[in-house]
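Asks: Got a predicted structure here, sequence first:
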Amino acid sequence: TAAAATDAASHSTNSSPPAPTNGSSNGSSSSLEDEQAHVTYHVPPGLDLAGEEGRQLGIRAAAQGLLAMPYLSEILPVGGAGDRLGLRCEVTGEGLPAAMLPYCGRTMLEGLVRDLQAKEYLYWHLTGTQVTTPVAIMTSDAKGNNARISSLMESNGWFGRPQDSFRLFRQPLVPVVDAADGRWLLTGPLKLMMKPGGHGAIWKLMHDEGVFDWLQQQGRLAALIRQISNPMAGVDTTLLALAGTGFSARRAFGFMSCERVVGAAEGMNVLQERKVWVEDPTHPEGGTWQHDYAITNVEYTEFERLGITDQPMHEGSNHSAFPANTNILYVGLAAARAAVEAAVAAGGGEVLPGLIFNLKKKVKFFDPIIQQDRDVRAGRMECTMQNLADSLTTRSTRALTGAAGGQQAAHQLTEQLDTFMVYNMRRKVTSSAKKKRDPRSTHIHQTPEGAFYDLQRNAWQVLQRCGMRQVPAVGDVQEYLQHGPGFIFLYHPALGPLWDVISQKVRGGALLDGSELVLEVAEARLLDVTVDGSLLVYADNIMGHMVASPEAHGSNGVQHTAAMGSNGYAMQHNGHSNGHNSNGFSAHSNGSSSSNGNGKHSNMPSSNRLQYSSQNGRVHLLNVTVQNVGVDWHHPGSVYWQHKVVRHEACRVILHGRSEFEAYDCKISGDQVFEVPDGYRMIVTSAAVGSGLSIQLLPLAGDRPTWEWRYGMEPSGEVKLEFVRNTALDLWSSPVLAAAQHEEEDILHFMI
């Protein structure tokens, strides 16, 4: 496995060690130049989170990652051109960068911000403290990337975060060269074709643009790095476990890794062992052989040059002995900064780490010289951000791997290295959307369709953990491409993001064949809910409420909302609204909500800030069956990976502001919209007479919700939730009492 170093998969670049030279010493020791060093590559040791045993390790590591939140930052390289995706603006027809891919109904960049806010929200639940993680974003000028990213963030009100919590800086572009003759490619008369030159420029840019200083001023000691094309990295414990493993031991650099198929066009993580001659005038032989170790990356284009054989783990396996590099990274900021400053001072070194010239990709373009479209193999100079690890080595006076070190030494090595690796199953680590799928092919690897397929495979595992008695199979790839997935389950990451948290909020029930469940809400409790069709829950306020910044609304920074009226109403319901309440709020509608319903704050003033709080939308369903025709799985207009879904019918719950929806012991049939106004609570039960529904719309009393989850962390690192009813604020409606008694809850336990 990737969790232990082995000599079986070691590769050396030299057949014999070099002879020492008589170079002058500038201190206690000096090393030979790289070309004289004896380099060997081993399978890297690491923390394996796969399997049940690994799950417990992941829980502990994720707990450490949560505790480190106030000291963490995030770095997002989003400057990639994304040429293979073929994205076009629907209005202008201009090419779009990968960050603008509309995955699951929102841009890839918004998805990454949602993942970050979900971790912050979990930290707030556990500690009562709101942290605002600074985010450094490396853009580029490819396809107007920098301008589009800036415009996207402004139009979304910087996602409810202070504008100065983001720092944008631009990646340089480099010319593209024809592999056949070495000529620069042109896009117009005397106009070079320019593309981003790899993410490795990020370190020098952070040094030059003051990003290291900016993060240090905010007390940040480490950062997580993830690529824009991988929406899967935020799943379950992945990012938190990587952060916890690195920060708890104050490591310099770390990799999140997974299994890799032999022959795949992707890099591999390796344990690099560099045997170096260190001069020592006091030694009888003038020096000693020592060993520098680092877990690092080797790009697939470099295997042959370095003499690395991409061999399987064992005979008959299609998985490589070396795990995949995924570009999900942990970096200790002080170590990275020191490495860059040392390289700058030396006039080279790791200023642009992992410099390669990749000629294995084809480029389609219009050649202005011959006035024809061309499709040629071409490349550009690229550097790799992950190869900063090459310079973050740990020195040992003896070999710590293979026969010379043994298994005990390999275990010690894991603890001693400044670099590290965390390993998990692939679909919990990476499933990228880098290229457009050929509609004639069933190959979905690195396509948006493939990323959504893996997302639903993960969803199946989550629902199994929730104890659902029935969850359809996603289907094989051919079935998926022809008919769509066997079901759709999408949720806001703040519902967890840990799967163990989600499985405490959703318990039992069933999702029948071809059904759809969408939970764009963080505060939810679903017990024994059966969905046969589509159930869509959307909250405007998912993680809290918006407040105005101090500079916009005086010194207190609070945006006040006018008090709502206190009149509620009850009615017998047969599936259609019978009017409006006295405050003018529509209790139900037979159309879509005027709200965007997904927690976005489009065109929101940049002065508004998201305050994590209990003033959000909540849904509580107990022993409920939702039955409708649901998704039209045969409609040609549906694009499932974009969550553009055509439906015959659906049950929609729309929660405005601070509002609650509760349903007990009932069956909700047909096309329904339950729209709950800000400051109200809607309770749905079976009607006392007939087959309809009884609905009560009641004002929320006080400033606390009628129920909430109380979060706590066990010594093992597990996050445990306790369901608490704030009965002092409850209006003691009979459905609430009956449901509480049915669940044997302690209804006398209240909070003021």
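Replies: Good, I have the coordinates. Residues are numbered from 1 along each chain as shown.
Asks: surely residue 665 meets residue 684?
Replies: No - at 9.9 Å, residue 665 does not count as touching residue 684 under the criterion of CB atoms under 8 Å. To be clear about C-beta, it is placed using only N, CA and C from the backbone, and glycine gets the same treatment.
Asks: Just the buried positions in the longest helix along the chain, please.
Replies: Here the longest helix in the chain is taken by residue count, with DSSP state H as the criterion, and it is helix 108-127. Using 16 or more other CB atoms under 10 Å as the test for burial, helix 108-127 gives 108-126.
Asks: Same question for stretch 623-635.
Replies: For stretch 623-635, the buried set under the neighbour-count rule, 16+ other CB under 10 Å, comprises 623-628, 630-631, 633.
Asks: Then stretch 644-660?
Replies: 645, 647, 649-660.
Asks: so where is this protein shaky, pLDDT-wise?
Replies: By pLDDT under 70, the low-scoring segments of the chain are 1-37, 348-350, 401-411, 550-607, 728-752.
Asks: can you give me the helices in it?
Replies: With DSSP H as the criterion, the chain has helices spanning 51-67, 108-127, 145-155, 202-208, 211-217, 238-248, 303-306, 333-346, 402-416, 448-465, 477-483, 499-505, 734-742.
Asks: taking those together, which one is wrapped up most tightly?
Replies: Highest mean neighbour count of the helices of the chain: helix 238-248, a mean of 26 (counted as mean count of other CB atoms under 10 Å).
Asks: what's it in contact with?
Replies: With CB atoms under 8 Å, 6 or more residues apart in numbering as the test, helix 238-248 has contacts from 47, 49, 57-58, 60-68, 71-72, 115, 119, 221-222, 224, 226, 232-233, 251, 253-254, 256, 328, 330, 332, 420, 422, 424, 428-429, 498.
Asks: Taking helix 108-127 as reference, get the angle to it.
Replies: Per axes from the mean of the first three to the mean of the last three CA atoms, to 10 degrees, the angle that helix 238-248 makes with helix 108-127 is 60 degrees.
Asks: orientation of helix 238-248 relative to helix 51-67 in degrees?
Replies: 70 degrees.
Asks: pull the CA atoms of helix 238-248 into PDB?
Replies: Presented in PDB, the C-alpha positions along helix 238-248 are these (Å, rounded to 0.1, in the frame of the first residue of the first chain):
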ATOM      1  CA  THR A 238     -10.200  15.000   3.600                       C
ATOM      2  CA  LEU A 239      -9.000  18.700   4.000                       C
ATOM      3  CA  LEU A 240      -9.300  18.800   7.800                       C
ATOM      4  CA  ALA A 241      -7.300  15.600   8.200                       C
ATOM      5  CA  LEU A 242      -4.600  16.900   5.900                       C
ATOM      6  CA  ALA A 243      -4.500  20.200   7.900                       C
ATOM      7  CA  GLY A 244      -4.500  18.400  11.300                       C
ATOM      8  CA  THR A 245      -1.700  16.000  10.300                       C
ATOM      9  CA  GLY A 246       0.500  18.800   9.200                       C
ATOM     10  CA  PHE A 247      -0.300  21.400  11.800                       C
ATOM     11  CA  SER A 248      -0.200  19.200  14.900                       C
END
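Asks: could you dump the helices of the chain to a markdown table with distance to residue 382?
Replies: Written out in a markdown table, the entries for the helices of the chain read as follows (distance: least, CB to CB, whole Å):
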| stretch | distance to residue 382 |
| --- | --- |
| helix 51-67 | 30 |
| helix 108-127 | 21 |
| helix 145-155 | 17 |
| helix 202-208 | 12 |
| helix 211-217 | 21 |
| helix 238-248 | 24 |
| helix 303-306 | 15 |
| helix 333-346 | 18 |
| helix 402-416 | 30 |
| helix 448-465 | 23 |
| helix 477-483 | 31 |
| helix 499-505 | 36 |
| helix 734-742 | 59 |
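Asks: Looking at the ones you listed, which is nearest to residue 264?
Replies: The stretch from these with the least distance to residue 264 (CB to CB) is helix 303-306; that distance is 11.1 Å.
Asks: centre of the chain versus the closest one, how much separation?
Replies: The offset between the C-alpha centroid of helix 303-306 and the centroid of the whole chain comes to 32 Å, using CA atoms, centre = their mean, to the nearest Å.
Asks: And for stretch 681-696?
Replies: Relative to the centre of its chain, stretch 681-696 is centred 40 Å away, using CA atoms, centre = their mean.
Asks: buried residues in it?
Replies: Residues of stretch 681-696 classed as buried: 681-687, 692-696 (neighbour count, 16+ other CB under 10 Å).
Asks: Pretty sure residue 666 sits against residue 693.
Replies: Yes - the pair formed by residue 666 and residue 693 meets the contact definition of CB under 8 Å, at 6.1 Å.
Asks: Now do the shared contacts for these two.
Replies: Between them, residue 666 and residue 693 have 684-686 as joint contacts when contacts are counted by CB under 8 Å, 6+ apart.
Asks: now for the buried residues of stretch 681-696, which pair is the farthest apart?
Replies: 681 and 692 (20.1 Å).
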